[in-house]
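**Q** predicted model and sequence below, questions to follow.
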Amino acid sequence: MSRILITAASTVAAQKVQRLFQGEIVLADQEKLPAFAFPGRQVVQIPEGDHASFAHVMLTLCLDALIDSILPLKRNEQLALAEAKVLFEEYNIQLLVPDKDFMAQTSHSNALDHLLVVDQGKVNGQLQYSPNLSGVFHFNAAQELSLLSL
């Protein structure tokens, strides 16, 4: 069974996004959160995404907790992990975040309707986008993707 870590656990976005995934969900947040608020879920505390050692802390956490994938929801976390994508790939940990060039070129949204999970260009197992594209996106009425970022 796969284990995915989703950040920004205290937000409505994290609560909604976790329903899009199968497997074991581990929630993470910068704030210390009470475990009773998230029954049946492991909750861990992480540093801010702009912290100098954020990527290394996340890698250590993933190795210790046997995490297979990370879905960062905050913009600073997405940027930090996009920079470290190769490092995580060396340990077979998938980052559900587009590469930094795509992030610079695309729009970002905090809308929580019409969400679409893209995993290495695939939606529901079918290749529909570039294989470099991963993350959770808002799909608007004009059929454009905007990266979900808080």
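**A** Good, I have the coordinates.
**Q** so what are the sheet partners of the lowest-mean-pLDDT helix or strand in the chain and their directions?
**A** Using mean pLDDT, DSSP states H and E, the weakest-scoring helix or strand in the chain turns out to be strand 126-127, at a mean of 81. According to DSSP bridges, the neighbouring strands of strand 126-127, each with its direction, are strand 122-123 (antiparallel).
**Q** packing partners for the longest helix anywhere in the chain?
**A** If each helix of the chain is counted by residues according to DSSP state H, the longest one is helix 54-65. With contacts defined as 3 or more Cβ pairs under 8 Å, 6 or more residues apart in numbering; DSSP states H and E, the secondary structure elements packing on helix 54-65 are strand 3-6, strand 42-45, helix 75-83, helix 85-90. The C-beta positions use only the backbone N, C-alpha and C, and glycine is treated the same way.
**Q** which of these sits closest to residue 126?
**A** strand 3-6 (20.3 Å; Cβ to Cβ).
**Q** next, the buried residues of the helix or strand that comes right after that closest one.
**A** Per DSSP states H and E, strand 3-6 leads on to helix 12-17 as the next helix or strand towards the C-terminus. Neighbour-count burial for helix 12-17, with 16 or more other Cβ atoms under 10 Å as criterion, is recorded at 13-14, 17.
**Q** and for stretch 41-60?
**A** Burial within stretch 41-60, assessed by neighbour count using 16+ other Cβ under 10 Å, is assigned to 43-44, 46, 49, 54-55, 58-59.
**Q** just how off-centre is it within its chain?
**A** 12 Å (Cα atoms, centre = their mean, to the nearest Å).
**Q** about what we covered before: using CSV, list the CA coordinates for the longest helix of the chain.
**A** These are the backbone C-alpha positions of helix 54-65, laid out as CSV (Å, rounded to 0.1, in the frame of the first residue of the first chain):
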residue,chain,number,x,y,z
PHE,A,54,13.1,22.1,4.3
ALA,A,55,13.8,19.6,1.5
HIS,A,56,16.3,17.6,3.6
VAL,A,57,13.9,17.5,6.6
MET,A,58,11.2,16.2,4.3
LEU,A,59,13.5,13.6,2.8
THR,A,60,14.4,12.3,6.2
LEU,A,61,10.8,12.3,7.3
CYS,A,62,9.9,10.3,4.1
LEU,A,63,12.6,7.7,4.7
ASP,A,64,11.8,7.3,8.4
ALA,A,65,8.0,7.1,7.9
